[in-house]
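**Q** Quick one: sequence plus predicted model below, questions after.
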Number of protein chains: 2
Amino acid sequence: MTKYDKDSNVSYTLGTTLTLELLNKKVSSCNRVYIHSKQLQNDTLNKILDICKNNNIEVIYSDKIINKLSDKENCYIVGEFTKFDCDINYNENSICLVNPSNAGNLGTIIRTCAGFNIKNLIIIEPAVDIFNPKVVRASMGAIFNINFKYFKSFEDYKKLTNNAFYPFMLKGSTNLHVVDKKNPYTLIFGNEATGLDDSYLNIGTPVRINHTNNIDSLNLDNAVSIAVYEFTKEEVNKNE
Amino acid sequence: MTKYDKDSNVSYTLGTTLTLELLNKKVSSCNRVYIHSKQLQNDTLNKILDICKNNNIEVIYSDKIINKLSDKENCYIVGEFTKFDCDINYNENSICLVNPSNAGNLGTIIRTCAGFNIKNLIIIEPAVDIFNPKVVRASMGAIFNINFKYFKSFEDYKKLTNNAFYPFMLKGSTNLHVVDKKNPYTLIFGNEATGLDDSYLNIGTPVRINHTNNIDSLNLDNAVSIAVYEFTKEEVNKNE
């Protein structure tokens, strides 16, 4: 038993609430649950133990394993799950991240996707590993709510979908406020430091989020949030 | 010389670009600049040395001090600055954060404020320390572009402004899409875990950002970004 290894076929939910999300949303992927001696006897623990019992999931009481897996002081429950593949309908609204590098950003973007009913997340390699426990934690369990898939190149993904493409970039772009929004769409965002290169200029309709010159760019997860908010506005209103 | 101490009157910019931001935007607060032996001779270094020379800022070559101040491997330039107060015009558009606890969130919120021309950031205690180098770094230097002020309570701040208040909360709230937006305004956001309590229901116009039940809430910095984007939309269009 060691810390998370990206080449292993398992990953971990580090924390009580996160482990409950795993059990509620992806119980078939959960292999076992570790419990620390400092975990209080409470309703959440009882819920977790019930689900484990009903699904024949092994429960292991071990402070040593939890201390190895988590660097946070107050992590008392850890779930181990097998990494999973997702079935994607490529003609639904999607977010595409090209070379995302930051685990925290990827996690919050997943949470935002789940919050605005964007079911598909396309990731172009090289990219941060979505099963890194930091990503899982930053997603607050939303990783178990969405579908995602890694591709070696944007071209490989492009072949599979008829979606309207909206690359977010400064060059040749239309303001997000006024851009004509076609369904279904794929909103495309570049790497945190480098953005999208000019090859994306010829793909669909380039879009920008206007900001002052006081900053170089918005934080990636903030740019995605604003874009998704604007693109889903009408639909969210309709369903209210 | 020790790591950052929140009770000290100085803080640090950990990194080359960040230190250049300090020198460009708040040179009068900069006390000295530390340079690591691994820093390459390049244009950025020359710019930094020039500004230091022209402003009589001490330059100290010390790997030991930089290694103590930064836990990142590739931090080769550190600026030391005296913590500063800001002059605030309380009748300009503002963001108010009630008990923010996360350094990274506060930093990206500062960056978003600078990006959308929100000049004032009001922080209600208890709250994370804005001069923590983690906040400074997450702001990517935008901390030197905005005005901020801490208050012991929201009541203390309220006395100083005639702004229209928009507390972001679920209870009794209007959808952000349709809420009547009055200028000048203060957009108010609660703590990451607990949000705003019911006392804010009677302050101005409660607003919500609709999302699915798949998540408990949006990440704080994402909620602020979406709100600021929507509130500044018209103005940004006008200035284009």
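**A** Perfect, I can see it now. The shown structure was predicted, so the numbers you read here are calculated from the model rather than taken from an experiment. Numbering: from 1, shown residues only, chains lettered A, B, ... in the order given.

**Q** helix or strand for A:Ile48, which one?
**A** Element membership of A:Ile48, judged by DSSP states H and E, is helix A:43-54.

**Q** Can you give me the neighbour number for A:Thr212?
**A** 15 (other CB atoms under 10 Å in any protein chain shown). Glycine gets a C-beta too; all of them are placed from N, C-alpha and C.

**Q** Spit out the contact partners of it.
**A** Applying CB atoms under 8 Å, 6 or more residues apart in numbering or on different chains to A:Thr212 gives the contacts B:Ala114, B:Gly115, B:Phe116, B:Asn117.

**Q** Distance-wise, check it relative to B:Ala114.
**A** A:Thr212 sits at a distance of 7 Å from B:Ala114 (criterion: CB to CB, to the nearest Å).

**Q** Once you drop chain neighbours, what's closest to A:Thr161?
**A** Excluding its sequence neighbours, the residue lying closest to A:Thr161 (CB to CB, 6 or more residues apart in numbering or on different chains) is A:Tyr90, at 4.0 Å.

**Q** Can you give the domain ranges for chain A?
**A** Annotated domains of chain A cover A:10-82, A:94-238 [automatic domain parsing].

**Q** Please list the residues of chain A that sit near chain B.
**A** A:104, A:108, A:111-112, A:114-117, A:140, A:142, A:145, A:175, A:177, A:209-212, A:214-216, A:218-219, A:221-222, A:225-226, A:229-230, A:233, A:236-237, A:240 (CB under 8 Å from any CB of the partner chain).

**Q** Any chance of a ChimeraX selection covering the buried ones in those?
**A** To isolate the buried members of the residues of chain A next to chain B in ChimeraX, using 16 or more other CB atoms under 10 Å in any protein chain shown:
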select /A:104,108,111,112,114,115,116,117,140,142,145,209,210,211,214,215,218,219,221,222,225,226,229,230,233,236
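
**Q** Show me what the least confident helix or strand in chain A by mean pLDDT is packed up against.
**A** Using mean pLDDT, DSSP states H and E, the weakest-scoring helix or strand in chain A turns out to be helix A:220-238, at a mean of 87. Packing partners of helix A:220-238 (3 or more CB pairs under 8 Å, 6 or more residues apart in numbering or on different chains; DSSP states H and E): helix A:103-115, strand A:185-189, helix B:103-115, helix B:220-238.

**Q** Which helix or strand lies directly C-terminal to the third one?
**A** When you say that, I think you mean helix B:103-115. The C-terminal neighbour of helix B:103-115 among helices and strands, as given by DSSP H and E, is strand B:120-124.

**Q** Please enumerate the helices of chain A.
**A** For chain A, applying DSSP state H gives helices covering A:16-25, A:43-54, A:63-69, A:103-115, A:133-138, A:154-158, A:220-238.

**Q** Can you tell me which of those helices is packed in deepest?
**A** helix A:103-115 (a mean of 26; mean count of other CB atoms under 10 Å in any protein chain shown).

**Q** filter the contacts of A:Thr212 by proximity to chain A?
**A** When contact is defined as CB under 8 Å from any CB, those meet chain A at B:Ala114, B:Gly115, B:Phe116, B:Asn117.

**Q** Output the residues you listed as a markdown table; include the columns pLDDT and distance to A:Leu40.
**A** As requested, these are exported to a markdown table (pLDDT from 0 to 100; distance: CB to CB, whole Å):
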| residue | pLDDT | distance to A:Leu40 |
| --- | --- | --- |
| B:Ala114 | 96 | 43 |
| B:Gly115 | 96 | 43 |
| B:Phe116 | 96 | 43 |
| B:Asn117 | 95 | 47 |
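
**Q** of all those residues, which comes closest to B:Ser199?
**A** Taking CB to CB as the measure, B:Ser199 lies nearest B:Phe116 of these, at 27.6 Å.

**Q** tell me the contacts of that closest one?
**A** A:His211, A:Thr212, B:Val228, B:Tyr229, B:Thr232, B:Val236.

**Q** State the pair within these that is farthest apart.
**A** Using CB to CB, these span at most 12.7 Å, a distance reached by A:Thr212 and B:Tyr229.

**Q** Compute the number of surrounding residues for the nearest residue to A:Leu170 once chain neighbours are set aside.
**A** The shortest distance from A:Leu170 to any non-neighbouring residue, by CB to CB, 6+ apart, is to A:Arg208 (5.4 Å). Number of residues near A:Arg208 (other CB under 10 Å) recorded here: 17.

**Q** Which strand residues bridge A:Arg208?
**A** A:Asn175 (DSSP bridges).

**Q** Contacts only, for it.
**A** Here A:Arg208 is in contact with A:Phe168, A:Met169, A:Leu170, A:Ser173, A:Thr174, A:Asn175, A:Leu176 (CB under 8 Å, 6+ apart).

**Q** Let's see the pLDDT reported for the fourth one.
**A** With respect to pLDDT, A:Ser173 has a value of 87.

**Q** cool, and A:Glu73?
**A** pLDDT, read off for A:Glu73, is 81.

**Q** Low-confidence stretches in chain A?
**A** Low-confidence segments of chain A, defined by pLDDT under 70: A:1-2, A:235-240.

**Q** again, only using 50
**A** Filtered on pLDDT under 50, chain A yields the residue ranges A:1, A:240.

**Q** So A:Val228 sits against A:Thr112, correct?
**A** Yes. Counting by CB atoms under 8 Å, A:Val228 touches A:Thr112, with 5.9 Å between them.

**Q** Pull up the overlap in contacts between the two.
**A** Joint contacts of A:Val228 and A:Thr112 (CB under 8 Å, 6+ apart) are A:Ile118.

**Q** Report the central residue of chain A.
**A** Central residue of chain A (CA atoms, centre = their mean): A:Ile110, 2.8 Å from the mean position.

**Q** I'd assumed A:Ile146 was in contact with that one.
**A** Yes. Taking contacts as CB under 8 Å, A:Ile110 lies within contact range of A:Ile146: 6.0 Å.

**Q** anything in contact with each of those two?
**A** A:Leu121.

**Q** Distance from stretch A:84-95 to the middle of the chain?
**A** 13 Å (CA atoms, centre = their mean, to the nearest Å).

**Q** I'd like to know how far the nearest residue to A:Ala164 once chain neighbours are set aside sits from B:Met140.
**A** Leaving aside its chain neighbours, A:Ala164 sits nearest to A:Lys182 (4.1 Å; criterion: CB to CB, 6+ apart). A:Lys182 sits 34 Å away from B:Met140, going by CB to CB.

**Q** what does A:Asp50 give?
**A** Counting by CB to CB, the gap from A:Asp50 to B:Met140 is 46 Å.

**Q** just A:Lys68 next, same as before
**A** 34 Å.

**Q** Report how many residues lie close to the residue nearest to A:Thr161.
**A** By the criterion of other CB under 10 Å, A:Tyr90 has 18 neighbours.

**Q** Got the phi and psi for it?
**A** Phi and psi for A:Tyr90, reported as degrees, to the nearest 10, are phi -70, psi -10.

**Q** I'd guessed A:Ala142 sits against A:Ile110; true?
**A** Yes. The criterion here is CB under 8 Å, and A:Ala142 meets it with A:Ile110 at 4.9 Å.

**Q** quick one: the helix holding A:Ile48 to helix A:16-25, angle?
**A** Counting by axes from the mean of the first three to the mean of the last three CA atoms, to 10 degrees, helix A:43-54 lies at 40 degrees to helix A:16-25.
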